[in-house]
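*Asks:* Here is my input, please return the structure:
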Amino acid sequence: MKESELIELSKKLITICDDADTQIMSIYSSGQEGEEIKEDGSPVTLADLASHKVIVEGLSELKQKFPILSEEDTNSQKKECSLFWLVDPLDGTKEFINKNGEFTVNIALIENGKPIMGIVSAPALGETFIGIAGLGASKITKSGKKEIQPSQQDLEKCRITLSKSHQSESDEKFIKATQKIFSKTEIIPAGSSLKLCRVAEGTADIYCRLGPTYQWDIAAGQAIVESAGAVINSLEGLSLNYKFDSQLRNPYFYCSGDPSFDWHSIFKDFE
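*Replies:* Numbers count the residues shown, from 1 in each chain. Coordinates of the predicted model:
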């Protein structure tokens, strides 16, 4: 797509996210989440479904009629699409239920298997991140909009961002491995796709995911990360690809603020 088209779409995407945020926060404030457990064992709330409805309706009203794949869509078909929307209406449902504010709305535009635009909105925190391939990434708060960039890796200190609600034995192993390389390590807990955004904005250096995720969990964050100048790869150093497939899981991956830093001496123990 042309850059001018992406810029125009991004403005409409922010409006759609704002509408979804309003629905989510209304339910969040009411304390009536209506939590249920899906077939895969993951939780779903009224906010997930309300956000899904708002986003799908908003995207469907756009002039560009791209297919939409959402986590909360019951349509499990698999098909070839060169251009489609990939949506997680409420990423971090556990964070939503736990009332810690670290949940997000994720919308990505995928072209030929790559996220070319993404928005991650954290309504409870008042933060919205947006990235457009080739045009950079920005963070929007009440103070305004500013461009974000990742940090160059400090050779003495490493800032690791990890899940706020579920840290695994593999996470602990990764932390211990980094402590052999860096004299100082700092743990920065974050929920949902905010971990990717913390790397993109330079407040964390590395996020390594050593557990299962679906493609809608990280596509929007990847667009922001890569637009900002950071990198997301599999542990083998391969780029991630996206398909119109509701069953597609991601490989284990890492997100590094400094693409030139060699993490593979650590990752080889996790492959």
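*Asks:* And the helices in the stretch 101-250 of the chain?
*Replies:* Assigned by DSSP state H, counting those that start in this stretch, the helices in the stretch 101-250 of the chain fall at 169-179, 194-200, 215-228.
*Asks:* For residue 12, which of those helices is the nearest?
*Replies:* helix 215-228 (15.2 Å; CB to CB). (Glycine included, C-beta is placed from N, CA and C.)
*Asks:* now could you export just the CA positions of the closest one as PDB?
*Replies:* This file holds the C-alpha atoms of helix 215-228, laid out as PDB (Å, rounded to 0.1, in the frame of the first residue of the first chain):
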ATOM      1  CA  GLN A 215      -0.400 -14.300  15.900                       C
ATOM      2  CA  TRP A 216      -2.900 -11.700  16.900                       C
ATOM      3  CA  ASP A 217      -1.100 -11.400  20.200                       C
ATOM      4  CA  ILE A 218       1.900  -9.700  18.700                       C
ATOM      5  CA  ALA A 219       1.300  -8.600  15.100                       C
ATOM      6  CA  ALA A 220       0.300  -5.000  16.000                       C
ATOM      7  CA  GLY A 221       3.200  -4.800  18.400                       C
ATOM      8  CA  GLN A 222       5.600  -6.100  15.800                       C
ATOM      9  CA  ALA A 223       4.500  -3.300  13.400                       C
ATOM     10  CA  ILE A 224       5.300  -0.800  16.100                       C
ATOM     11  CA  VAL A 225       8.600  -2.400  17.100                       C
ATOM     12  CA  GLU A 226       9.900  -2.600  13.500                       C
ATOM     13  CA  SER A 227       8.600   0.800  12.600                       C
ATOM     14  CA  ALA A 228      10.500   2.200  15.600                       C
END
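*Asks:* Tell me which residues of that helix come out buried.
*Replies:* Within helix 215-228, the residues scored as buried using 16 or more other CB atoms under 10 Å are 215-228.
*Asks:* Next: stretch 151-171.
*Replies:* 153, 158, 159, 160, 161, 162, 163, 164, 171.
*Asks:* which of those sit farthest apart?
*Replies:* 153 and 164 (23.2 Å).
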